[in-house]
Structure formats: C-alpha cells, structure tokens
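Undergrad: With the sequence up front, the predicted model follows.
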Amino acid sequence: MNPRETESLIQAAHDGPLDEADDARLHQLLRESETARDLWCDYALLASDLKREVLSEARRPGAIPHSTTYRTIRQKRRQVTISLAAAAAVLLATGITLTTILVRPETASATFAVSPGTVVGGAPERNAPENEIQPGQQLAIRQGVVEFHFPNDVRAFLEGPAELRYVGPGLVDLSRGRARFHVPKKARGFTVRGPAFSVVDLGTEFGVDFRDPEFPSVAVIEGRVEVRAKAGRRDIVELAAGEAVELTAAGDFRTIDEPGDYPDSLPDRLPYLRLGFDGRAGDHFSIEGNLPEAGDLSARLVRHDSGSEALSIPGIHGSALRFDGGAELVTDWSGIGGDAPRTVHLWVRPAAGADYGSAPPLAFWGDPTNFGNRKFKLALVGLDDGSVVPRVSLGEWYANGDARLEPGRWHHLAAVWNDHRAGHPPHLTLYLDGTRIPLHGNGNPLEQATSTSTHGANSRPLSIGRYERVARSGPAGFKGDLDELHIIAGALEPEEIAAIARRP
C-alpha cells in the first residue's frame with residue numbers, strides 16, 4: 001500500500017466506522033508498518049487540536065487560517081507523538097488490538113442498565129458479564145431506555161429504537177435513537193459518530209436525535225461541543241449551552257429554536273403519554289407521561305363547525321370527552337415516527353345512529369396526504385350492514401377488526417405495532433375489550449406501510465376526533481365519547497392489554 005492509500009485509510013477510520021475488509025487491512029498495516037503507526041498516532045493527537053485552532057483563527061474578523069497553524073501545533077505535539085508511536089509499536093508487536101493502546105484492558109469495558117419493558121437485541125460477547133459490553137460490540141435497543149456507563153465516568157441515556165456500537169473508551173457509533181450524554185472534564189474529547197455528523201465533546205452535556213434520518217439534530221445542555229458533518233459541504237460548527245442545530249440535506253447546519261428533549265433517567269415503565277381529559281382549563285387540556293417532552297405538551301380544542309362542542313362528561317376514570325362531530329382536539333406532539341414500535345389504547349363509546357362511513361379518527365398523526373400518506377390512525381368505521389368495527393391505518397395500508405362495537409357502551413380498544421421481533425416481519429395486533437381480534441386488510445402488503453412521517457411538510461401532530469382531510473364519504477368528525485387515551489413508545493404484551501381492559 002502506498003503512503004497516500006495509507007493516509008486515506010487512517011483518515012477514514014477517524015471520520016467514521018470502516019467496513020470489515022478495511023478494518024482488517026488497517027489492523028494488519030499497523031502491526032507491520034512503523035510508518036503507519038507513527039501516522040496513526042500523529043493524526044489522532046493532531047486532528048482535534050488543529051481543527052479547533054483553525055476555527056478559532058477563522059472567527060476573528062478578517063483572519064485567514066494558514067499552514068503555519070498546522071506546523072506550530074505539530075511541533076508542540078511531535079515529542080508526545082514519537083513516544084506514543086514507540087509504545088504502540090511494542091504493544092502491537094505482542095498482538096494487542098488498537099482499542100487497547102491507550103487504556104488498561106480492565107477499564108475498557110462499559111456497563112448498562114435497562115428500564116422495565118426494554119427490549120435489547122444484539123450478540124453479547126461470549127463469556128462477558130451480564131449487562132457489560134466490550135469494545136467493538138453493538139447493541140440494538142428495540143424499545144425502552146438504556147443507561148450506559150462508559151470509562152472516565154461518561155454516562156448516557158439512550159431511548160430506543162436505537163443502535164449503538166461501543167468502539168472503545170472515548171468513542172461510540174450511534175446509528176439511530178435519541179440520547180443524552182454526560183461527559184466530565186477528564187473525558188474531554190469523547191466522540192459520538194452518527195450517520196450524518198459526529199459530535200466531539202469539549203467538556204459538556206449534550207443530546208443527539210437520530211430518530212429521523214432526514215432530520216438529525218444535536219443540542220448542547222451545558223458546556224460546548226464541536227459538530228462535524230460527514231457529507232455535502234462537510235461543515236464544522238461549535239455550539240455552546242442552549243444552542244442546537246439540524247443538518248440539512250445539503251450537508252450544512254441550520255439553527256433550530258427548539259433544542260428538543262432528551263432522556264435523563266431510567267423510567268419506571270415504557271415511555272408514554274396520557275390524555276385523560278381530566279385537566280381541562282377552558283379549551284385546553286393537560287398531557288401527562290414520562291416521555292422526555294411530556295412536561296411541555298398540551299392539547300387544545302378546535303371547533304370546525306359553528307356551534308360545535310366537546311363536552312366533559314363522567315368517564316371511565318374521572319372525566320371523559322363527548323365529541324359531536326364538529327370539534328377536534330389538537331396537540332403539539334409530533335407522534336412516534338418511522339417504524340418504531342408503539343401501542344395506542346383508549347376507551348370509546350360509539351354514539352347511537354352515528355355515521356362512521358369516513359372512518360373519522362379516534363387518534364391519528366403523521367402525513368395524511370394522498371401522495372405521501374405516511375400516517376398512523378386508529379378509528380371506527382361503519383360497514384354497509386350498519387355495524388361499527390375498529391380500523392387501524394399505516395399509510396396506504398389499513399385493516400378492519402373482525403368484531404363489532406355496541407353503540408352506547410364503553411369498549412376498550414388497543415392497537416399494538418410490534419417491529420422488534422428479530423427474524424420476523426412487522427406485526428400488528430388489534431384488541432377489543434382485552435381480546436385479540438382477527439384483522440381483514442385492504443390487500444396492500446403490511447411490510448410496505450410501516451413508516452410514519454412526523455417531521456415532513458405535510459405532517460400533522462397527534463389529533464383526536466376529526467378526519468385528517470376532506471372526507472370521501474360521510475361526516476368528517478367523530479361522534480361519541482372518549483376517555484383515557486394512552487400512546488406508548490413500545491409494544492405491550494397481550495396480558496398487559498387484558499389487564500388494562502379489566503380495570504374500568
């Protein structure tokens with residue numbers, strides 16, 4: 001391998017994870033070539049300092065970074081580099097891997113704990129202690145929240161669905177999920193490599209959100225971070241406490257006013273939201289739950305028809321809400337996106353004689369447009385024989401439940417979308433009064449209708465009681481009573497659904 005190819009391979013390793021073949025080539029090269037080992041250590045020590053120094057120079061009005069910046073830093077660090085290269089040569093000669101060059105083997109592992117209901121997949125290293133991960137191991141978190149403890153007292157809370165690869169002390173690859181990192185000063189330089197950008201800690205606390213690949217973002221809670229885009233213009237920005245950015249499709253960073261919310265503890269159950277219709281103040285309703293953003297959310301009543309109303313009435317637990325077909329409850333929550341597992345359950349009492357031909361939603365969010373149609377909806381629909389049955393929609397795909405609801409009677413309805421069963425296709429179940437009921441789909445394959453858009457131009461937040469677009473047939477609004485709407489970021493088990501339905 002010529003010097004240029006060697007340098008490109010080492011630089012690629014610092015910019016992001018290598019594929020299996022290139023990773024093997026790099027390890028072999030470092031074992032066999034003193035020049036490569038010297039270059040590896042040199043690059044590792046210089047890269048971060050160089051970029052920060054150049055950025056500092058560039059921030060002064062009229063300043064133009066020049067090559068002497070690099071030469072000055074290189075001279076200051078050369079002695080350390082030579083010593084580290086020599087040490088690395090000795091260690092590599094005895095077969096010690098790259099991940100243990102600068103740390104003792106006993107301190108390289110990390111540990112994790114999970115919240116109730118969490119589903120963690122992956123292949124734990126053979127003979128590794130329970131809830132311990134070694135450098136190079138990857139964990140897939142299907143649902144729930146995981147707390148990690150990395151070397152040097154670095155902590156992280158990661159909400160699933162998520163995929164994390166622990167590269168080694170000071171470096172993790174996070175390809176999906178929402179996480180909050182607490183990094184003490186002694187761990188300065190801790191790096192999170194995401195699909196679209198990397199975050200280098202400068203002594204801080206920060207959050208990253210990779211749930212939607214089209215809108216990745218990062219926010220600083222305390223201290224500072226450096227963020228480096230991997231594609232497009234490959235922008236580099238430095239953020240301070242209270243600042244947040246989102247990466248655009250062009251590869252540049254756009255400031256966002258809302259920094260977002262990130263998990264900061266292990267909840268006592270799966271993350272959820274509850275709208276019980278009890279905390280009403282005029283046209284506004286409170287929302288409860290343990291999702292990170294729950295404390296900032298609320299719902300408001302919107303009247304689409306003159307004289308329409310939604311009255312508070314006695315419900316299953318406290319107050320329920322009676323819809324007359326002309327009102328809608330709109331929240332400021334974007335909903336659960338993508339193919340993430342979810343459970344939506346509520347109590348519903350259909351109105352006698354109501355027309356449900358247009359399948360007005362009990363709860364829905366996402367993009368309802370004809371060409372986008374990446375929504376999630378739980379509804380009732382009226383059939384030609386006059387019966388009322390439940391319906392669940394995932395984009396263009398929908399299915400009716402093979403069970404009738406009796407008008408004037410309270411029923412418990414639950415839909416569970418479960419995409420965390422390894423080796424199995426996506427799975428949807430519908431329950432009426434605690435019992436699973438058969439589904440009759442519309443013919444479209446379920447595997448092609450799993451993605452819910454929560455940040456698109458036409459996406460709508462969680463809405464209750466009103467059809468999302470012009471109705472094709474029948475009234476647009478829901479008539480009847482609703483109570484105890486819960487939306488859970490995970491798939492509940494059948495026995496959990498049955499237990500909820502037994503508690504009227």
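TA: In hand now; what should we look at?

Undergrad: Centre of the chain to whichever strand or helix holds residue 299, how far?
TA: Using DSSP states H and E, the element containing residue 299 is strand 298-303. Counting by C-alpha atoms, centre = their mean, to the nearest Å, strand 298-303 is centred 27 Å from the centre of its parent chain.

Undergrad: list the helices and strands it packs on?
TA: Applying 3 or more C-beta pairs under 8 Å, 6 or more residues apart in numbering; DSSP states H and E, we find strand 298-303 packed against strand 284-286, strand 327-331. Every C-beta, even on glycine, is put in place using the N, C-alpha and C of the backbone.

Undergrad: As a markdown table, those with mean neighbour count would be great.
TA: As requested, the helices and strands packed on strand 298-303 are exported to a markdown table (neighbours: other C-beta atoms under 10 Å):
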| stretch | mean neighbour count |
| --- | --- |
| strand 284-286 | 17 |
| strand 327-331 | 22 |
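
Undergrad: Is it possible to get JSON lines of the ones you listed that adds mean pLDDT and distance to residue 212?
TA: As requested, the helices and strands packed on strand 298-303 are exported to JSON lines (pLDDT from 0 to 100; distance: least, C-beta to C-beta, whole Å):
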{"stretch": "strand 284-286", "mean pLDDT": "94", "distance to residue 212": "27"}
{"stretch": "strand 327-331", "mean pLDDT": "93", "distance to residue 212": "19"}
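
Undergrad: and of the ones you listed, who's closest to residue 231?
TA: Among these, strand 327-331 comes nearest to residue 231, with 34.4 Å by C-beta to C-beta.

Undergrad: the longest strand in this protein is where?
TA: strand 154-168 (DSSP state E).

Undergrad: continuing past that strand, what's the next helix or strand?
TA: strand 171-182.

Undergrad: Excluding covalently adjacent residues, which one is nearest to residue 160?
TA: Nearest residue to residue 160, sequence neighbours excluded (C-beta to C-beta, 6 or more residues apart in numbering): residue 141, at 3.5 Å.

Undergrad: confidence score at that neighbour?
TA: What the model reports for residue 141 is a pLDDT of 93.

Undergrad: In this structure it contacts residue 118, no?
TA: Yes. Residue 141 is within contact range of residue 118, at 6.9 Å (criterion: C-beta atoms under 8 Å).

Undergrad: shared neighbours, these two?
TA: residue 160 (C-beta atoms under 8 Å, 6 or more residues apart in numbering).

Undergrad: Looking at these two now, which is surrounded by more residues?
TA: residue 141 (24 against 20; other C-beta atoms under 10 Å).

Undergrad: helix or strand for that one, which one?
TA: Residue 141 belongs to strand 137-143 when assigned by DSSP H and E.

Undergrad: And for residue 245?
TA: strand 244-247.

Undergrad: Return the set of buried residues in the following helix or strand past that strand.
TA: Using DSSP H and E, the helix or strand that follows strand 244-247 in sequence is strand 253-255. Buried residues in strand 253-255, counted by 16 or more other C-beta atoms under 10 Å: residue 253.

Undergrad: Give me the distance between the residue nearest to residue 160 and residue 186.
TA: Here the criterion is C-beta to C-beta, to the nearest Å. By it, residue 141 lies 27 Å from residue 186.

Undergrad: Could you list the low-pLDDT ranges of the stretch 251-400 of the chain?
TA: Residue ranges of the stretch 251-400 of the chain with pLDDT under 70: 370-372.

Undergrad: Now the spatially closest residue to residue 208 that is not a sequence neighbour. Its backbone dihedrals?
TA: In space, not counting the residues next to it along the chain, residue 208 is nearest to residue 218; the distance is 5.0 Å by C-beta to C-beta, 6+ apart. Backbone geometry at residue 218, expressed as degrees, to the nearest 10, gives phi -140, psi 140.

Undergrad: and residue 218, how many neighbours does it have?
TA: 27.

Undergrad: Next one, pLDDT for it please.
TA: Note on residue 218: pLDDT of 96.

Undergrad: State the distance from it to residue 344.
TA: For residue 218, the distance to residue 344 equals 30 Å [C-beta to C-beta].

Undergrad: same check, this time on residue 294
TA: Taken as C-beta to C-beta, the span from residue 294 to residue 344 is 16 Å.

Undergrad: more crowded one of the two?
TA: Remark: of residue 294 and residue 344, residue 344 carries more neighbours, 24 against 16, as counted by other C-beta under 10 Å.

Undergrad: looking at this, that one is in a strand?
TA: Yes. Assignment of residue 344 by DSSP: H, G, I helix; E, B strand; the rest coil places it within a strand.

Undergrad: Can you give me every residue that contacts it?
TA: Contacts of residue 344 by C-beta under 8 Å, 6+ apart are 363, 376, 378, 414, 415, 485, 486, 487, 488.

Undergrad: Show me these that map onto strands.
TA: Per DSSP E, the contacts of residue 344 map to strands at 363, 376, 378, 414, 415, 485, 486, 487, 488.

Undergrad: and the gap between the nearest residue to the second one once chain neighbours are set aside and residue 374?
TA: Closest residue in space to residue 376, ignoring its immediate chain neighbours: residue 452 at 4.8 Å, by C-beta to C-beta, 6+ apart. Here residue 452 is placed at a distance of 6 Å from residue 374 (C-beta to C-beta).

Undergrad: And for residue 308?
TA: With C-beta to C-beta as the criterion, residue 308 and residue 374 are 29 Å apart.

Undergrad: cool, residue 145 as well?
TA: Distance from residue 145 to residue 374, by C-beta to C-beta: 26 Å.

Undergrad: quick one, helices of the stretch 51-200 of the chain?
TA: 67-93 (DSSP state H, counting those that start in this stretch).

Undergrad: of residue 308 and residue 374, who's got more company?
TA: residue 374 (22 against 17).

Undergrad: per-residue pLDDT, the residue nearest to the more buried one when sequence neighbours are not counted?
TA: Spatially, and ignoring its direct neighbours in sequence, residue 374 is nearest to residue 453 (3.8 Å; C-beta to C-beta, 6+ apart). We have a pLDDT of 84 for residue 453.
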